[in-house]
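Undergrad: Any chance you could fold what I've pasted below:
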Amino acid sequence: MARRHSKAVFASHYVFPGGILEPADSDVHGMATGVTASDANATLGTTDGALEYYSAAIREAFEESSVLLARTPDGRWAFCDGDADQQASRASRDQLNAGEIGWADFLAQNELRPAYDSLHYIAYWVTPRVQTKRFSTRFFLAVMPEGQSAVHDDGELTDSCWMTADEVIAAGKRGDMKLMFPTIATLRDIADYDTVEEVVEWARKTSHSGIAKLLPAFVVVDGEEQIVLPGSPHYPKDHES
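TA: Below is the predicted model:
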(Lines give C-alpha, C1' and ligand atoms only; values in the text may rest on other atoms or scores of the structure.)
Protein backbone atom coordinates (compact mmCIF):
# COMPACT_ATOMS: atom_id res chain seq x y z
CA MET A 1 0.00 0.00 0.00
CA ALA A 2 1.21 3.50 -0.80
CA ARG A 3 -0.05 6.90 0.39
CA ARG A 4 -0.75 9.70 -2.07
CA HIS A 5 0.65 13.12 -1.22
CA SER A 6 -1.64 15.72 0.31
CA LYS A 7 -2.21 17.71 -2.91
CA ALA A 8 -2.82 14.74 -5.22
CA VAL A 9 -6.12 13.39 -6.45
CA PHE A 10 -7.31 11.09 -3.64
CA ALA A 11 -5.05 13.07 -1.32
CA SER A 12 -3.53 11.13 1.60
CA HIS A 13 -5.40 7.95 0.69
CA TYR A 14 -3.58 4.64 0.75
CA VAL A 15 -3.76 3.09 -2.71
CA PHE A 16 -2.13 0.51 -4.94
CA PRO A 17 0.66 1.86 -7.18
CA GLY A 18 -0.79 3.07 -10.46
CA GLY A 19 -1.55 6.06 -12.63
CA ILE A 20 -2.65 7.15 -16.09
CA LEU A 21 -2.04 6.07 -19.65
CA GLU A 22 0.66 8.05 -21.46
CA PRO A 23 1.54 8.22 -25.18
CA ALA A 24 4.84 6.44 -24.47
CA ASP A 25 2.98 3.32 -23.35
CA SER A 26 2.30 2.35 -26.95
CA ASP A 27 6.00 2.54 -27.87
CA VAL A 28 7.16 -0.59 -26.06
CA HIS A 29 4.86 -3.37 -27.26
CA GLY A 30 7.51 -4.72 -29.63
CA MET A 31 9.80 -5.31 -26.65
CA ALA A 32 7.13 -6.95 -24.47
CA THR A 33 6.50 -10.63 -23.94
CA GLY A 34 3.61 -12.94 -23.19
CA VAL A 35 0.46 -11.12 -24.38
CA THR A 36 -0.59 -10.26 -27.93
CA ALA A 37 -2.75 -7.30 -28.89
CA SER A 38 -5.68 -9.55 -29.73
CA ASP A 39 -5.33 -11.41 -26.41
CA ALA A 40 -5.24 -8.14 -24.48
CA ASN A 41 -8.25 -6.72 -26.29
CA ALA A 42 -10.22 -9.90 -25.62
CA THR A 43 -9.27 -9.89 -21.94
CA LEU A 44 -10.12 -6.23 -21.37
CA GLY A 45 -13.15 -6.27 -23.66
CA THR A 46 -11.86 -3.56 -25.98
CA THR A 47 -11.61 -3.34 -29.75
CA ASP A 48 -8.14 -1.78 -29.68
CA GLY A 49 -5.50 -0.31 -27.37
CA ALA A 50 -5.66 -2.79 -24.48
CA LEU A 51 -1.89 -3.39 -24.52
CA GLU A 52 -1.39 0.22 -23.42
CA TYR A 53 -2.94 -0.70 -20.07
CA TYR A 54 -0.37 -3.45 -19.57
CA SER A 55 2.48 -1.10 -20.42
CA ALA A 56 1.12 1.66 -18.17
CA ALA A 57 0.63 -0.71 -15.24
CA ILE A 58 4.25 -1.85 -15.43
CA ARG A 59 5.61 1.66 -15.99
CA GLU A 60 3.60 3.26 -13.17
CA ALA A 61 4.49 0.50 -10.71
CA PHE A 62 8.15 1.12 -11.48
CA GLU A 63 7.92 4.91 -11.35
CA GLU A 64 6.08 4.89 -8.03
CA SER A 65 7.49 1.87 -6.19
CA SER A 66 10.68 0.71 -7.99
CA VAL A 67 9.04 -2.65 -8.69
CA LEU A 68 9.77 -3.53 -12.32
CA LEU A 69 7.89 -6.34 -14.03
CA ALA A 70 10.41 -6.79 -16.84
CA ARG A 71 12.85 -9.53 -17.79
CA THR A 72 16.35 -9.68 -19.23
CA PRO A 73 16.94 -11.47 -22.57
CA ASP A 74 17.81 -14.68 -20.68
CA GLY A 75 14.51 -14.61 -18.78
CA ARG A 76 15.67 -13.30 -15.39
CA TRP A 77 13.82 -10.54 -13.59
CA ALA A 78 15.30 -7.06 -13.96
CA PHE A 79 17.32 -5.50 -11.15
CA CYS A 80 17.14 -8.58 -8.93
CA ASP A 81 20.83 -9.20 -8.23
CA GLY A 82 21.71 -7.49 -4.95
CA ASP A 83 22.17 -3.97 -3.61
CA ALA A 84 23.97 -2.59 -6.66
CA ASP A 85 21.05 -3.60 -8.86
CA GLN A 86 18.60 -1.97 -6.46
CA GLN A 87 20.58 1.27 -6.51
CA ALA A 88 20.64 1.20 -10.31
CA SER A 89 16.91 0.55 -10.36
CA ARG A 90 16.13 3.57 -8.19
CA ALA A 91 18.48 5.80 -10.19
CA SER A 92 16.67 4.78 -13.39
CA ARG A 93 13.31 5.32 -11.71
CA ASP A 94 14.35 8.84 -10.72
CA GLN A 95 15.43 9.57 -14.32
CA LEU A 96 12.07 8.41 -15.63
CA ASN A 97 10.17 10.51 -13.11
CA ALA A 98 12.29 13.56 -13.95
CA GLY A 99 11.68 13.13 -17.68
CA GLU A 100 15.39 12.65 -18.35
CA ILE A 101 14.74 9.40 -20.22
CA GLY A 102 11.70 7.95 -21.95
CA TRP A 103 10.02 4.65 -21.15
CA ALA A 104 11.03 2.95 -24.40
CA ASP A 105 14.61 4.28 -24.26
CA PHE A 106 15.03 3.09 -20.69
CA LEU A 107 13.93 -0.44 -21.59
CA ALA A 108 16.03 -0.54 -24.76
CA GLN A 109 19.21 0.73 -23.07
CA ASN A 110 18.88 -1.91 -20.36
CA GLU A 111 17.80 -4.65 -22.79
CA LEU A 112 14.63 -5.28 -20.81
CA ARG A 113 11.33 -6.77 -21.92
CA PRO A 114 8.11 -5.76 -20.14
CA ALA A 115 6.49 -8.92 -18.79
CA TYR A 116 2.90 -8.42 -19.86
CA ASP A 117 2.22 -12.06 -18.98
CA SER A 118 2.98 -11.33 -15.31
CA LEU A 119 -0.17 -9.19 -15.03
CA HIS A 120 -3.56 -10.67 -14.16
CA TYR A 121 -6.54 -8.45 -14.96
CA ILE A 122 -8.93 -8.47 -11.98
CA ALA A 123 -11.25 -5.43 -11.98
CA TYR A 124 -12.63 -2.47 -13.93
CA TRP A 125 -13.89 0.49 -11.88
CA VAL A 126 -15.49 3.72 -13.09
CA THR A 127 -15.89 6.74 -10.82
CA PRO A 128 -19.52 7.51 -9.84
CA ARG A 129 -21.08 10.15 -12.08
CA VAL A 130 -21.80 12.50 -9.15
CA GLN A 131 -18.10 13.14 -8.65
CA THR A 132 -16.42 16.07 -10.41
CA LYS A 133 -13.25 14.22 -11.44
CA ARG A 134 -13.99 10.87 -13.00
CA PHE A 135 -11.72 7.96 -13.91
CA SER A 136 -11.96 4.69 -15.78
CA THR A 137 -9.51 2.37 -14.06
CA ARG A 138 -8.29 -1.17 -14.75
CA PHE A 139 -6.86 -3.19 -11.86
CA PHE A 140 -4.11 -5.80 -12.34
CA LEU A 141 -2.49 -8.18 -9.88
CA ALA A 142 1.12 -9.37 -10.11
CA VAL A 143 3.62 -11.25 -7.97
CA MET A 144 6.57 -9.26 -6.66
CA PRO A 145 9.77 -10.32 -8.51
CA GLU A 146 12.15 -12.06 -6.15
CA GLY A 147 15.26 -9.99 -5.48
CA GLN A 148 13.58 -6.60 -5.94
CA SER A 149 12.46 -4.29 -3.15
CA ALA A 150 9.63 -1.77 -3.15
CA VAL A 151 10.46 1.84 -2.28
CA HIS A 152 7.99 4.70 -2.81
CA ASP A 153 9.14 7.64 -4.90
CA ASP A 154 8.76 10.35 -2.20
CA GLY A 155 6.99 12.50 -4.77
CA GLU A 156 3.53 11.33 -5.72
CA LEU A 157 3.76 8.84 -2.86
CA THR A 158 4.82 9.89 0.63
CA ASP A 159 4.65 6.58 2.47
CA SER A 160 4.43 2.87 1.71
CA CYS A 161 4.11 -0.39 3.60
CA TRP A 162 3.57 -4.12 3.21
CA MET A 163 0.49 -5.34 5.12
CA THR A 164 -1.95 -8.19 4.78
CA ALA A 165 -5.32 -7.37 3.26
CA ASP A 166 -7.04 -7.96 6.61
CA GLU A 167 -4.63 -5.58 8.34
CA VAL A 168 -5.31 -2.80 5.83
CA ILE A 169 -9.08 -3.26 6.06
CA ALA A 170 -8.88 -3.13 9.87
CA ALA A 171 -6.70 0.01 9.73
CA GLY A 172 -9.28 1.62 7.45
CA LYS A 173 -12.11 0.82 9.86
CA ARG A 174 -10.12 2.34 12.74
CA GLY A 175 -9.47 5.48 10.72
CA ASP A 176 -5.72 4.91 10.67
CA MET A 177 -5.64 4.65 6.85
CA LYS A 178 -7.85 6.48 4.35
CA LEU A 179 -9.11 3.99 1.76
CA MET A 180 -11.32 4.31 -1.29
CA PHE A 181 -14.21 1.94 -1.96
CA PRO A 182 -12.57 0.10 -4.92
CA THR A 183 -9.43 -0.43 -2.82
CA ILE A 184 -11.47 -1.90 0.02
CA ALA A 185 -13.41 -4.15 -2.36
CA THR A 186 -10.19 -5.47 -3.89
CA LEU A 187 -8.64 -6.07 -0.48
CA ARG A 188 -11.72 -8.02 0.58
CA ASP A 189 -11.31 -10.25 -2.46
CA ILE A 190 -7.65 -10.87 -1.67
CA ALA A 191 -8.36 -11.46 2.03
CA ASP A 192 -10.27 -14.65 1.18
CA TYR A 193 -6.97 -16.44 0.43
CA ASP A 194 -4.04 -17.52 2.59
CA THR A 195 -1.17 -17.75 0.09
CA VAL A 196 0.19 -15.88 -2.91
CA GLU A 197 -0.43 -18.97 -5.04
CA GLU A 198 -4.11 -19.00 -4.07
CA VAL A 199 -4.50 -15.30 -4.87
CA VAL A 200 -2.83 -15.76 -8.28
CA GLU A 201 -5.11 -18.69 -9.08
CA TRP A 202 -8.15 -16.59 -8.13
CA ALA A 203 -6.84 -13.73 -10.30
CA ARG A 204 -6.28 -16.06 -13.25
CA LYS A 205 -9.79 -17.50 -13.02
CA THR A 206 -11.30 -14.04 -12.53
CA SER A 207 -9.56 -12.72 -15.64
CA HIS A 208 -10.59 -15.71 -17.76
CA SER A 209 -14.23 -15.53 -16.66
CA GLY A 210 -14.57 -11.92 -17.85
CA ILE A 211 -14.49 -8.64 -15.94
CA ALA A 212 -17.64 -6.54 -15.64
CA LYS A 213 -17.44 -2.76 -15.38
CA LEU A 214 -18.22 -1.63 -11.84
CA LEU A 215 -19.89 1.78 -11.57
CA PRO A 216 -20.76 2.50 -7.92
CA ALA A 217 -23.77 4.66 -7.09
CA PHE A 218 -24.48 6.73 -3.99
CA VAL A 219 -27.99 6.12 -2.65
CA VAL A 220 -29.88 6.81 0.57
CA VAL A 221 -31.30 3.75 2.31
CA ASP A 222 -33.29 4.20 5.53
CA GLY A 223 -31.91 7.71 5.87
CA GLU A 224 -28.29 6.64 5.48
CA GLU A 225 -26.08 7.24 2.44
CA GLN A 226 -24.60 4.05 1.04
CA ILE A 227 -22.42 3.00 -1.89
CA VAL A 228 -24.04 0.29 -3.98
CA LEU A 229 -22.94 -1.72 -7.01
CA PRO A 230 -24.83 -3.20 -9.97
CA GLY A 231 -26.83 -6.17 -8.73
CA SER A 232 -27.91 -4.48 -5.51
CA PRO A 233 -31.69 -4.03 -5.14
CA HIS A 234 -30.96 -0.38 -4.34
CA TYR A 235 -28.90 0.28 -7.47
CA PRO A 236 -30.62 2.98 -9.62
CA LYS A 237 -32.07 1.47 -12.78
CA ASP A 238 -31.27 4.58 -14.82
CA HIS A 239 -27.66 4.91 -13.59
CA GLU A 240 -25.37 5.81 -16.50
CA SER A 241 -21.62 5.46 -16.96
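Undergrad: tell me the SS of the residue lying closest to residue 162 once chain neighbours are set aside?
TA: Closest residue to residue 162 in three dimensions, ignoring its sequence neighbours and counting by CB to CB, 6 or more residues apart in numbering: residue 150, at 7.4 Å. Every C-beta, even on glycine, is put in place using the N, C-alpha and C of the backbone. Taking DSSP: H, G, I helix; E, B strand; the rest coil as the rule, one finds residue 150 in the coil state.
Undergrad: So residue 150 is in contact with residue 161, correct?
TA: No. Residue 150 lies out of contact with residue 161 (CB atoms under 8 Å); the separation is 9.4 Å.
Undergrad: how close does residue 112 get to residue 157?
TA: Residue 112 sits 23 Å away from residue 157, going by CB to CB, to the nearest Å.
Undergrad: Residue 160: neighbour count?
TA: Counted with other CB atoms under 10 Å, residues neighbouring residue 160 total 18.
Undergrad: Test my guess that it contacts residue 16.
TA: No. The pair residue 160 and residue 16 fails to qualify as a contact (CB under 8 Å) at a distance of 10.6 Å.
Undergrad: Overlap in contacts, those two.
TA: Residues touching both residue 160 and residue 16 (CB atoms under 8 Å, 6 or more residues apart in numbering): 1, 2.
Undergrad: can you give me the helices in the chain?
TA: Remark: helices of the chain, listed N- to C-terminal, are 37-44, 51-65, 83-98, 103-109, 165-174, 181-191, 196-209; assignment by DSSP state H.
Undergrad: Can I get those helices in TSV including mean neighbour count, distance to residue 138 and mean pLDDT?
TA: Conversion of those to TSV gives the following (neighbours: other CB atoms under 10 Å; distance: least, CB to CB, whole Å; pLDDT from 0 to 100):
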stretch	mean neighbour count	distance to residue 138	mean pLDDT
helix 37-44	16	7	96
helix 51-65	24	5	96
helix 83-98	15	21	91
helix 103-109	17	18	96
helix 165-174	15	20	97
helix 181-191	17	11	95
helix 196-209	14	11	95
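Undergrad: Quick one: those as JSON lines, columns for distance to residue 139 too.
TA: Formatted as JSON lines, the entries for these read as follows, by distance: least, CB to CB, whole Å:
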{"stretch": "helix 37-44", "distance to residue 139": "11"}
{"stretch": "helix 51-65", "distance to residue 139": "9"}
{"stretch": "helix 83-98", "distance to residue 139": "22"}
{"stretch": "helix 103-109", "distance to residue 139": "21"}
{"stretch": "helix 165-174", "distance to residue 139": "14"}
{"stretch": "helix 181-191", "distance to residue 139": "6"}
{"stretch": "helix 196-209", "distance to residue 139": "10"}
